[in-house]
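Asks: mind folding the following:
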Amino acid sequence: MIDDPGEPVEPAGPEALEPAQPGEPERPVEPAAPAAPEVKFHTLSFTGVGSEYFKIWIVNLALSIVTLGVYSAWAKVRRLQYFYRHTRLAGAGFDYHANPIALLKGRIVGLILFGLYSATGYVDWRVAAGIFLGLAIVMPWLLGRSLRFRFHNSSYRGLRFRFHGTTGQAYWIFLAFPIFTFLSLFTLGPMWHHRLKRYQFSNAAFGTSRFTLRTEVGDFYITYVFAVFLFVCLFAMVVVAFVLAGIVAAVASGPSTAPSTPPELQITPAFIAMMVVAGALYAFAIIAVQAVVTARIHNACWNQTRTEHHRFESQLSAWKLFGIQYTNFLATIFTLGLFRPFAQVRLVRYVAETLTVVGAAGFDVYGAAEAEDVTAVGEETAELFDFDIAF
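Replies: Numbers count the residues shown, from 1 in each chain. All right, here's what the predicted structure looks like:
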């Protein structure tokens, strides 16, 4: 190999200037150590706009109402495709591929199961017990299929995600652990949440590369203990606000002309103001606790997640998350729900911008896995029963 004559080469040391003595073998030249590959940081971004998504949202809402809910499957696909395709990583977007017909079939099955659940309050207790038992037996399987369906229909750079969770793991997470948590008077709640996240992350894969999660259960217990303490403090403020509202109402009602009968409650502007303040404080407490738990668990999981070639860094701030969620809540209330699409865009944009993918390799190193057929029954049933098991 001939060195570039335009770039002088520095000697390795004084001994390099000394020629070999006659009769001595020439010293071997040590090869230069290969340069370490450059580590690159790729932060997610969301390019969606609230006014743009509002048009999709209002059309979805109108058509779902006109078609008595039949269009809701197509509405869900349009919604998820908008958020997936506007979430960008290293210059490329994600995509969602679910077939609306498959979602509609799954939604019909979910409605049947939800109808059975709703009927438990109107039938004999033995029939209700049988319905609950049947739902307990089938729901873990459906929830496991829900995760598989969502991952299977998600892609990045044309490469599908996968979920390898087994049926046995689903029954352990969604049936056995909830029972143990209830019997332990909910002291196992943080551990259940930890096992649920481990089930989600460690069974996920991008192509043929599996994710791994190494977060500790202690992080979950610390988070929940702090959340309980915070809720107690904030709830005390709510109680004080309600007491003050009662005092204001009692003073405003004035003395009673009939001592034997209780005074009638008078709805005065001061009373209404105090009740509004109390309600706002209650929402403040709930959203604050939710933001703390969400931010700490989100960071604890993603910061300990790895793939074969990359790791993740999450910097979700509980304070910023609370500010966005609380202002979204107030704006949605004051606009009678019309701010909801703008609220969703604000939240997704912030969460995306706090997650970074770190690694020296490019994203073309991931190989595709064999395709598999999955049904939409699980995901639609999970949505009807209001289980949030999003990745």
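
Asks: where does the protein have low pLDDT?
Replies: 1-36, 245, 248-250, 252-268, 270-271, 369-391 (pLDDT under 70).

Asks: what helix or strand does L196 sit in?
Replies: helix 189-202 (DSSP states H and E).

Asks: nope, V228 is what I was after
Replies: With DSSP H and E as the test, V228 turns up in helix 217-253.

Asks: okay, angle between that helix and helix 189-202 too, please.
Replies: Angle of helix 217-253 versus helix 189-202, following axes from the mean of the first three to the mean of the last three CA atoms, to 10 degrees, is 120 degrees.

Asks: helices or strands up against helix 217-253?
Replies: Contact partners of helix 217-253 among helices and strands, from 3 or more CB pairs under 8 Å, 6 or more residues apart in numbering; DSSP states H and E: helix 189-202, helix 269-302. All C-beta atoms are positioned from the backbone trio N, CA, C, and that covers glycine.

Asks: hmm, who's touching the helix or strand following the last one?
Replies: So that's helix 269-302. Using DSSP H and E, the next helix or strand after helix 269-302 towards the C-terminus is strand 305-306. Strand 305-306 has contacts (CB atoms under 8 Å, 6 or more residues apart in numbering) with 201, 211-214, 311-312.

Asks: so of the residues you listed, which ones are in helices?
Replies: Of those, the ones assigned to helices by DSSP state H are F201.

Asks: mind listing what's buried along stretch 328-341?
Replies: 328-330, 332, 339-341 (16 or more other CB atoms under 10 Å).

Asks: ditto for stretch 99-109
Replies: Of all the residues in stretch 99-109, those buried under the rule 16+ other CB under 10 Å are 100, 102-107, 109.

Asks: among the residues you listed, which are in strands?
Replies: Judged by DSSP state E, strands contain none of these.

Asks: dump those to TSV, plus distance to A176.
Replies: Output for the buried residues of stretch 99-109, formatted as TSV (distance: CB to CB, whole Å):
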residue	distance to A176
P100	35
A102	30
L103	29
L104	32
K105	29
G106	25
R107	28
V109	24
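
Asks: quick one: which of these is nearest L44?
Replies: Using CB to CB, L103 comes nearest to L44 of the buried residues of stretch 99-109, at 25.8 Å.

Asks: would you mind measuring from the closest one to V109?
Replies: L103 is 11 Å from V109, where distance means CB to CB, to the nearest Å.

Asks: and what of E308?
Replies: Counting by CB to CB, the gap between E308 and V109 amounts to 36 Å.

Asks: repeat that for Y82.
Replies: For Y82, the distance to V109 equals 26 Å [CB to CB].

Asks: same question for S155.
Replies: S155 is 25 Å from V109, by CB to CB.

Asks: what do you get for V276?
Replies: 42 Å.

Asks: is S155 in a helix, a strand, or coil?
Replies: Classification of S155 by DSSP: H, G, I helix; E, B strand; the rest coil places it in strand.

Asks: just give me the neighbour total for it.
Replies: Counted with other CB atoms under 10 Å, the neighbours of S155 add up to 18.

Asks: dump the residue contacts of it.
Replies: S155 touches 94-97, 161, counting by CB under 8 Å, 6+ apart.

Asks: rerun at 7 Å
Replies: With contacts defined as CB atoms under 7 Å, 6 or more residues apart in numbering, S155 is in contact with 94-95, 97, 161.

Asks: same question for F329.
Replies: With contact set as CB under 7 Å, 6+ apart, F329 has these partners: 283, 287.

Asks: which SSE is immediately downstream of the helix or strand that contains it?
Replies: Applying DSSP H and E as the criterion places F329 in helix 318-334. Beyond helix 318-334 in the direction of the C-terminus, DSSP H and E gives the next helix or strand as helix 340-353.

Asks: show residues contacting that next one.
Replies: 43-46, 48-50, 53-54, 57, 83, 87, 316, 320, 324-325, 328, 331-332.

Asks: buried ones from those, can you make that a PyMOL selection?
Replies: Filtering those down to the buried ones (16+ other CB under 10 Å) takes a single PyMOL command:
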select buried, resi 43+44+46+48+53+54+57+83+87+316+324+325+328+332
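
Asks: tell me how far K105 lies from A170.
Replies: Taking CB to CB, one finds K105 at 21 Å from A170.

Asks: OK, contacts around the residue nearest to T307 when sequence neighbours are not counted?
Replies: Spatially, and ignoring its direct neighbours in sequence, T307 is nearest to S209 (5.0 Å; CB to CB, 6 or more residues apart in numbering). Contact partners of S209, counting by CB under 7 Å, 6+ apart, are 307-309, 366.

Asks: quick check: S209 vs T47, distance?
Replies: Here S209 is placed at a distance of 26 Å from T47 (CB to CB).

Asks: can you report phi and psi for F161?
Replies: As for F161, its main-chain torsions (degrees, to the nearest 10) stand at phi -80, psi 160.
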